[in-house]
Every structure is written in structure tokens, then in C-alpha cells.
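Asker: The sequence isn't on hand, but the structure is:
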């Protein structure tokens, strides 16, 4: 796995149903909406590590997909953010895939 470029985007997660969509949060968003910001992505050995910010003390899931055209996202790892909202998620098997797309969701 080689990381050559990282494009960060806000990911808006809406409601408790676990649905999510990429894009910027809107000022007209429902009160239950939150924004997760991917800060960086690095390679540590054979693992991809995604650093992000979200709500303090909340659980998040790293999801991966081989293609942006497929709706079959796989849960890769989970972790809880710190009191400041900083979080880190790892895909320990990233090197087994030629290319992967990632997103962050809530359980």
C-alpha cells in the first residue's frame, strides 16, 4: 500500500440510524447532525492509520471499500475519541489491498 495523496473532507453523520454522507455540514442541518473531520492518514508498517476529530468520548467505526461505486462498506476497526474529540482508527490489513477508500461512521 502506498499513500500518495490524502484529500480531507468533512463527513456529516446524521441521526442514530448509522447513515452517513460525504460533504460539508449545512447550517440548516437537523440538531442531531455532527461533523467528523479526517485530519490525516499515514502508513505504519502494513497498517493505514486515520486521524480524525469528532465529538468527545464517542465511538466511531472505520469503514473500507474497494470501489466508490459499490455500496458494500466493510467495518474495519472501532475506537473512542478522547475528551477533546481527537481519534485514531487503524486498518491493520491495508497492505493486502491495492487500493481502498475509507470513511468514518458511528455505530
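Answerer: Looks like it came in fine. Here the structure is a predicted model, which means the values were calculated and not measured.

Asker: Now do the same contact list for residue 88.
Answerer: The neighbours of residue 88, taking Cβ atoms under 8 Å, 6 or more residues apart in numbering as the test, are 49, 50, 51, 52, 79. Quick note: C-beta positions are derived from backbone N, CA and C, even for glycine.

Asker: Filter these down to the buried ones.
Answerer: 49, 50, 52, 79 (16 or more other Cβ atoms under 10 Å).

Asker: Going by distance to residue 64, which of the residues you listed wins?
Answerer: Nearest to residue 64 among the buried ones among the contacts of residue 88: residue 50, at 10.1 Å, using Cβ to Cβ.

Asker: Pull the contacting residues for the closest one.
Answerer: With Cβ under 8 Å, 6+ apart as the criterion, the residues that contact residue 50 are 38, 40, 41, 62, 88, 89, 90, 91, 102, 104.

Asker: Span of stretch 89-104 from start to end?
Answerer: For stretch 89-104, the separation between the terminal residues is 9 Å (Cα to Cα, to the nearest Å).

Asker: buried ones in it?
Answerer: By neighbour count, and taking 16+ other Cβ under 10 Å as the criterion, the buried residues in stretch 89-104 are 89, 91, 94, 100, 102, 103, 104.

Asker: Distance check, the fourth one against residue 34.
Answerer: Remark: distance between residue 100 and residue 34 (Cβ to Cβ, to the nearest Å) = 24 Å.

Asker: Could you do the last one as well?
Answerer: As defined by Cβ to Cβ, residue 104 lies at a distance of 11 Å from residue 34.

Asker: Tell me the one of the buried residues of stretch 89-104 nearest residue 56?
Answerer: Using Cβ to Cβ, residue 104 is the member of the buried residues of stretch 89-104 that sits closest to residue 56, with 15.2 Å.

Asker: sorry, back to before: could the contacts of residue 88 go into TSV alongside secondary structure?
Answerer: Formatted as TSV, the entries for the contacts of residue 88 read as follows, by DSSP: H, G, I helix; E, B strand; the rest coil:
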residue	secondary structure
49	strand
50	strand
51	strand
52	strand
79	strand
